[in-house]
Structures are given as C-alpha cells and as structure tokens.
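Participant: Fold the stuff below for me.
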Amino acid sequence: MRRLHSIDSIRGLAALAVIYAHTVEFGLKTRLGPFPAEQAVLAGLTEWLDLGKIAVTMFFAVSGFVVPFSLFKPSRRPILAFAISRFFRLYPAYWLSIPCGLLVLFVWAGRDIPALLVPANITMLQQFVGVENIIGLYWTLQIELIFYGLCVALFAMGHLDRRGSVVATTLLMIAAAVVLAGLRYHLQRKVPVAVPLALAVMLWGLCLRYHVFERRPGWGGALALVTGALVCAVPLVSVLAYGRDMGFQENWMKYTITYWLAMALFWLLSVGLRIEGRVFVYLGAISYSIYLFGPVVQVVLEHALAGYEAVIPIHLFAGATALATVAVAALVYRWIEAPAIDLGRTITRRIIEQPAPVAAPAPALGRSEP
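Facilitator: Modelled structure (predicted):
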C-alpha cells in the first residue's frame, strides 16, 4: 500500500498548529510581550477561530483517511495484526509522556496525585472511568481508540469498504451528535458531543480516501452526501451545545467556523495543494511525539520565562516552544517510537504472517510407516 506523503505533511502542520494555539492562549492570558498590537490582533482572531481544535479535527480526518486501510493489508489474522500495530504505534511514546506530564504538570505545580491517576492513565482509558487526563490532550487518543473499535467492527462484518454501511454509520454518528447537543442544551450539563462528531469526521476522511485516492466507483455520491450532512449538522450541533457559555468561553459561531475550516483545509491539503517536502514529511513522522510532548515543553519554557514576560513577544515564545518540542520529539521518535513500530512489525511477521506449516503426507492405506 503506497505511502501518502501529503497526508504525513498534514499531520506535521497540524501538530505545530496545536503548539501555536496553546502558546498564543498562554501569551494572551499572561499578556506576554511588549507589543499591544500583537496581543490585540491575536485576541481578535482567537475570538472567532480555535486553531487548536482546527488542528485536532484535521488529525481526526487523517485517522479516517489512513487507519482503516491497515486492516486490508494481506494477513492471515488481520484484526490481530491491526491491534498489534496500533498498540506499538500508540502506547510506548504515550507511556513515556506520563512521567514527564506528572513531573511538570503535577509535581512542579504542587498538585496532589490521586491514587488512580497513574494506573488509569497507563491504560489510555482513564476518561471512560472518570479519571483525569495527566496531559489534557489525551482526550483525543480515547476517541482514536473508539474509532479503532468501530473500524474493527465494520471490518469483521465485511462492511468497512461498503458505501451504504460507511454512509449509514457516518449519518448515525452525526445524528448522535445532534441528540447529545440537544441533551446538553436542555440539561445544561457537559455531555460528550465531540465524540460522535469526531467519529463522523473520521468516517468522512475515509469516504474522501475511497473517492479521491482509491477511485472506487460510486463513492463520489457517498462523499457528497456525508459532506453535506456534516456541513449542515455542525451549525445545529454548535447552537444547541455551545449557544450557552457554561464557563468554557464557548461560542457557537466559533465552533461552526472551526469545523468548517478544518474540513476545507483538509480537503485543500489532501486533494488540491499536496505538500510533500522532506521537512514537512519528517514533521509528520514525528507528529505524534510533537503532540504528546508539546504541552510539557511549553510548561518548562513558561517556568524559564519567569520575570521576562514583559519583553518576550508571543510569537518568539511560540517559535521557541515549537523548536524545542521538535527537538524533543525527534529524540523520542528515534529512540522510542521508531523502535517500537519496528518491534510491532517484527512480532506481526513472526506470529501472524509466517506461513502455515506444511502438513506431512498421509500414509497410504494398507502400508505400515517405516
């Protein structure tokens, strides 16, 4: 299966966008830097755009574009091979980020560490049992796990590459998002609206792959239907779920623009403007570590900034955070991620992909064995 370098580039750009969004948020909150104009422009932009959520939504689309096709690789036991591959892709670097996050976000901050915090986070299932994420961005990884389970279920039923099934599942996710948004509106309580909406975006990415890159007949209509449903549903979900601010600086127009722009950018960068430069592709390769360790690096640099907030411009801080995070991510990828991925492939080849033993010929009837 061919490697899509432009999709790797989207990963890299999205990871850097997450860092930029978080550093800008910190800069505005602390009035970082000597340039009031810089702060005013960024404050105006962030009032209507959530760059971090745009980037995360693009990550979800990338997952839908790439991950399901791992199940179609030739294998005697494709689901087990998929599980091994995903485990070694996600968990080793994630486990390394846990002690780093504990040190920087809990110990340095003087926060108590609940008894179940570390054991629950090790599983990556902490939010399913009501335990806090050590690093806030972990919430997206739990949605990834749900998507993996959804892909496996569709694959096991033979429906992962069937238009009707993929479209029906996507529409079901969109309907679930609308229902949950309605519950949030009436109950005025946080409910997981983002989960089904993110799954719908992932399945939209799958439809886009089938139509544009795999050129499967009939998928153009499926893509048009799913795209139209998502574009129309996002404002409704936004108004119901985020029309009232529950203390999280939520804004339905900002939420709508964020999702629309994320879909448009992903379409542009995957179909139209395909970026395949070596630097961007490499950033895509290490994007998972950039994503995991960006918040940790940022807090370390925030501590280093103490006393110099008035003279460090926001964009200088953002650039320094990005460069430092890329350096850390390159090391993590070199010594943790890449070896773990290779180990997963080795285990898959030895346990699953090895040819079945050739059975010895049955002895002829009426003759004794030697």
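
Participant: How about the contacts made by Val178?
Facilitator: With contacts defined as Cβ atoms under 8 Å, 6 or more residues apart in numbering, the neighbours of Val178 are Ala233, Leu236, Val237, Leu240. From N, CA and C alone the C-beta is placed, and that goes for glycine too.

Participant: and the second one, which of the three is it?
Facilitator: Three states are possible here, and by DSSP: H, G, I helix; E, B strand; the rest coil the one that applies to Leu236 is helix.

Participant: list the buried ones in the helix or strand where Leu230 lies?
Facilitator: Leu230 belongs to helix 219-242 when elements are defined using DSSP states H and E. Buried residues in helix 219-242, counted by 16 or more other Cβ atoms under 10 Å: 219, 222-223, 226-227, 229-230, 233-242.

Participant: just stretch 140-153 next, same as before
Facilitator: Thr140, Leu141, Gln142, Ile143, Glu144, Phe147, Tyr148, Leu150, Cys151, Val152.

Participant: These in strands, which ones?
Facilitator: In strands, judged by DSSP state E, none of those are found.

Participant: Let me know the closest of the residues you listed to Ala21.
Facilitator: Checking the buried residues of stretch 140-153 against Ala21 by Cβ to Cβ gives Thr140 as the nearest, at 13.5 Å.

Participant: From Tyr308, how far off is the closest residue to the closest one other than its chain neighbours?
Facilitator: Ranked by Cβ to Cβ, 6 or more residues apart in numbering and with sequence neighbours excluded, the top spatial neighbour of Thr140 is Val56, at 5.8 Å. In this structure, Val56 and Tyr308 are separated by 30 Å, where distance is defined by Cβ to Cβ, to the nearest Å.

Participant: More neighbours: which of the two?
Facilitator: Higher neighbour count among Val56 and Tyr308: Val56, with 24 against 10, using other Cβ atoms under 10 Å.

Participant: and that one, what helix or strand is that in?
Facilitator: Here Val56 sits within helix 51-66, counting by DSSP H and E.

Participant: Report the buried residues of the following helix or strand past that helix.
Facilitator: Read in the C-terminal direction, the helix or strand following helix 51-66 is helix 78-101, with elements assigned using DSSP H and E. Buried positions in helix 78-101, judged by neighbour count with 16+ other Cβ under 10 Å: 78, 81-82, 84-86, 88-94, 96-98, 100-101.

Participant: ok, now stretch 52-68?
Facilitator: When neighbours are counted by 16+ other Cβ under 10 Å, the buried residues of stretch 52-68 are found to be 52-68.

Participant: Now do it: everything it contacts.
Facilitator: Taking contacts as Cβ under 8 Å, 6+ apart, the residues outside stretch 52-68 that touch it are 4, 7, 10-11, 13-15, 17-18, 21-22, 25, 86, 140, 143-144, 147-148, 151, 155, 160, 198, 201-206, 208-209, 255, 258-259, 261-263, 265-266, 270, 291.

Participant: which residues in the stretch 201-350 of the chain form helices?
Facilitator: 219-242, 252-267, 278-285, 287-304, 314-332, 338-347 (DSSP state H, counting those that start in this stretch).

Participant: Make CSV from these and add distance to Arg189 and mean pLDDT to it.
Facilitator: Putting the helices of the stretch 201-350 of the chain into CSV (distance: least, Cβ to Cβ, whole Å; pLDDT from 0 to 100) gives the following:
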stretch, distance to Arg189, mean pLDDT
helix 219-242, 11, 96
helix 252-267, 17, 94
helix 278-285, 38, 95
helix 287-304, 27, 96
helix 314-332, 34, 97
helix 338-347, 39, 96
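
Participant: deepest of the ones you listed, which one?
Facilitator: Among these, helix 287-304 has the highest mean neighbour count (mean count of other Cβ atoms under 10 Å), at a mean of 22.

Participant: Show me what that helix is packed up against.
Facilitator: Packed against helix 287-304, as judged by 3 or more Cβ pairs under 8 Å, 6 or more residues apart in numbering; DSSP states H and E, are the following elements: helix 5-29, helix 78-101, helix 314-332.

Participant: and of those, who's closest to Arg278?
Facilitator: Go through those one by one with Cβ to Cβ and the one that ends up closest to Arg278 is helix 5-29, at 8.9 Å.

Participant: Would you mind getting the angle between that closest one and helix 51-66?
Facilitator: Going by axes from the mean of the first three to the mean of the last three Cα atoms, to 10 degrees, helix 5-29 is angled at 160 degrees with respect to helix 51-66.

Participant: Would you mind putting the CA coordinates of the helix or strand bottoming out on mean pLDDT in the chain into PDB?
Facilitator: Of all regular secondary-structure elements in the chain, judged by mean pLDDT, DSSP states H and E, the least confident is helix 36-48 with a mean of 89. Taking C-alpha atoms only, helix 36-48 is exported to PDB below (Å, rounded to 0.1, in the frame of the first residue of the first chain):
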ATOM      1  CA  PRO A  36       0.000  45.500  22.500                       C
ATOM      2  CA  ALA A  37      -0.900  45.300  18.700                       C
ATOM      3  CA  GLU A  38       0.200  41.700  18.600                       C
ATOM      4  CA  GLN A  39      -2.000  40.900  21.500                       C
ATOM      5  CA  ALA A  40      -5.000  42.700  20.100                       C
ATOM      6  CA  VAL A  41      -4.700  41.000  16.700                       C
ATOM      7  CA  LEU A  42      -4.400  37.600  18.200                       C
ATOM      8  CA  ALA A  43      -7.200  38.200  20.700                       C
ATOM      9  CA  GLY A  44      -9.500  39.200  17.800                       C
ATOM     10  CA  LEU A  45      -8.600  36.100  15.800                       C
ATOM     11  CA  THR A  46      -9.000  33.700  18.700                       C
ATOM     12  CA  GLU A  47     -12.400  35.100  19.400                       C
ATOM     13  CA  TRP A  48     -13.700  33.600  16.100                       C
END
